[in-house]
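Chemist: Got a sequence here, can you model it:
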Amino acid sequence: MENIMKSELLPAVGFVRIKTILRIFPISRSSWYQGVADGKFPRPIRLGVRTSVWRVQDIRELINKFGGEQ
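Modeler: This next block holds a predicted model:
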């Protein structure tokens, strides 16, 4: 990733979609969802049948858990 800090990709508060999360954590979409199923990553909030979001606070905690900013 360029010289952008991971937390700069996140809004101060609110929710983010999977596209933003995968810019922070360079893994595949299926790996992310497997991590959710395994309990390694936070569970999403379902807004609709095809819409899931994650709380920014949960993603910030995950960044800190895996070593914080690079």
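
Chemist: that's a strand at R60, yeah?
Modeler: No. For R60, which was evaluated using DSSP: H, G, I helix; E, B strand; the rest coil, the result is helix, with no strand membership.

Chemist: State the distance from R43 to W32.
Modeler: Between R43 and W32 the distance, using CB to CB, to the nearest Å, works out to 12 Å. Every C-beta, even on glycine, is put in place using the N, C-alpha and C of the backbone.

Chemist: Those two: which is more packed in?
Modeler: W32 (18 against 12; other CB atoms under 10 Å).

Chemist: Do a quick rundown of the helices in the protein.
Modeler: 18-24, 29-38, 56-65 (DSSP state H).

Chemist: Relative to S7, tell me which of these wins on proximity.
Modeler: Nearest to S7, of all the helices of the chain, is helix 56-65, at 6.6 Å by CB to CB.

Chemist: Report the buried residues of that closest one.
Modeler: V56, D58, I59, L62, I63 (16 or more other CB atoms under 10 Å).

Chemist: Spell out for me which residue occupies the centre of the chain.
Modeler: Note on the chain: the residue nearest the mean C-alpha position is I21, at 3.5 Å, using CA atoms, centre = their mean.

Chemist: Pipe the helices of the chain into a markdown table and attach distance to P11 and mean pLDDT per row.
Modeler: A markdown table is the format used below for the helices of the chain (distance: least, CB to CB, whole Å; pLDDT from 0 to 100):
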| stretch | distance to P11 | mean pLDDT |
| --- | --- | --- |
| helix 18-24 | 9 | 95 |
| helix 29-38 | 19 | 98 |
| helix 56-65 | 6 | 94 |
